[in-house]
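Colleague: Predicted model, plus sequence, below.
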Amino acid sequence: MLKLNRAASFTCSQQLGHRLSTSAPSLIIFCKSKMFHSVIRQSPRATLFAAQRTFASSQFAMAQSALYKAIQHDHVELADYYNNYKKMTSAFQPDEAQKWANQFIWELARHAIGEELVVYPAFEKHLGAEGKEMADRDRQQHLDIKQELYDLQNMSTDSPAFEDKFTTLWGKLELHVKEEEMDDLPKLDAAISAEDAESYATSFQRTKHFVPTRSHPSAPDKPPFETIAGLLAAPLDKLGDLFRSFPK
């Protein structure tokens, strides 16, 4: 029934501990995991993104650190917020769609600066020249994403351009998440101890409590300095949040 490369064998999941044998050139992987079956039933684009996360999770399940899990948790939440926005838009519920868009903006702004303050310096510290290249690339991607987020947060969901802007932002974020989960974070996990990863995860979570909740791409030619400018804006952002609606 299943055909896989003869030279390969795969572990279906850490919980099942079920190994699949190999028999032929094509690479079709069957898994009894409920999560995998639920992925198959989703829309094509959502299936691809969720399947990539599923395979990343299974591939690195034994090695995922506390930091990896903390960042991946945010990525999953952002996907949920975006999908809920799409559902409310399709259901012609603009007020609910706006709430989920606000939730997405709030979380992505905090997540991005949390990574810039904690995770990217860890790349540079523990991965040498390669880590410096990774951090520079990720900061530049963040700057592009935050510019899109800045444009989005200054629109309302009833704007004709809002949905296209959100779709563009989500597409860029998907690619960034894939690189982080399948390349950057596993490399960092391999270079640090479990204790270091736990410490970074704690710092990452704590940092998100005082960083801005809106995008502030104020220094496009020097991505690291955007973080400093953003921190100064945090109090005003939090005040503004009092007047925005969010999902219950």
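Modeller: Perfect, I can see it now.
Colleague: make it CA atoms for all contacts and neighbour counts henceforth
Modeller: OK.
Colleague: Output the strand or helix carrying residue 169 as PDB, restricted to C-alpha atoms.
Modeller: Counting by DSSP states H and E, the element that carries residue 169 is helix 162-179. Extracted in PDB, the C-alpha atoms of helix 162-179 (Å, rounded to 0.1, in the frame of the first residue of the first chain):
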ATOM      1  CA  PHE A 162      -7.100  44.800   3.800                       C
ATOM      2  CA  GLU A 163      -7.500  41.200   2.800                       C
ATOM      3  CA  ASP A 164      -4.900  41.400   0.000                       C
ATOM      4  CA  LYS A 165      -2.400  43.000   2.400                       C
ATOM      5  CA  PHE A 166      -3.100  40.400   5.000                       C
ATOM      6  CA  THR A 167      -2.700  37.600   2.500                       C
ATOM      7  CA  THR A 168       0.700  39.000   1.400                       C
ATOM      8  CA  LEU A 169       1.800  39.300   5.000                       C
ATOM      9  CA  TRP A 170       0.800  35.800   5.700                       C
ATOM     10  CA  GLY A 171       2.700  34.400   2.700                       C
ATOM     11  CA  LYS A 172       5.900  36.100   3.800                       C
ATOM     12  CA  LEU A 173       5.400  34.900   7.400                       C
ATOM     13  CA  GLU A 174       4.900  31.300   6.200                       C
ATOM     14  CA  LEU A 175       8.200  31.200   4.500                       C
ATOM     15  CA  HIS A 176      10.000  32.800   7.400                       C
ATOM     16  CA  VAL A 177       8.400  30.300   9.800                       C
ATOM     17  CA  LYS A 178       9.400  27.300   7.600                       C
ATOM     18  CA  GLU A 179      13.100  28.500   7.600                       C
END
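Colleague: Let's test this: mean pLDDT of that helix, rounded?
Modeller: The average of the pLDDT scores along helix 162-179 is 97.
Colleague: what's the answer for stretch 213-228, then?
Modeller: Per-residue scores along stretch 213-228 average to 59.
Colleague: now stretch 142-159
Modeller: Rounded mean pLDDT across stretch 142-159 is 92.
Colleague: Buried residues in the helix holding residue 169, which are they?
Modeller: Residues 162, 163, 165, 166, 169, 170, 173, 176, 177, 178 are the ones in helix 162-179 that count as buried (16 or more other C-alpha atoms under 10 Å).
Colleague: Also stretch 203-216?
Modeller: Buried-residue list, stretch 203-216, by 16+ other C-alpha under 10 Å: 203, 204, 205, 207, 208, 211, 212, 213, 214, 215, 216.
Colleague: Closest one to residue 185 out of these, please.
Modeller: residue 204 (13.8 Å; C-alpha to C-alpha).
Colleague: circling back to that earlier point, Serialize the buried residues of stretch 203-216 to a markdown table and add fields for distance to residue 137 and secondary structure.
Modeller: Output for those, formatted as a markdown table (distance: C-alpha to C-alpha, whole Å; DSSP: H, G, I helix; E, B strand; the rest coil):
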| residue | distance to residue 137 | secondary structure |
| --- | --- | --- |
| 203 | 22 | helix |
| 204 | 20 | helix |
| 205 | 23 | helix |
| 207 | 22 | helix |
| 208 | 22 | coil |
| 211 | 22 | coil |
| 212 | 22 | coil |
| 213 | 23 | coil |
| 214 | 22 | coil |
| 215 | 19 | coil |
| 216 | 19 | coil |
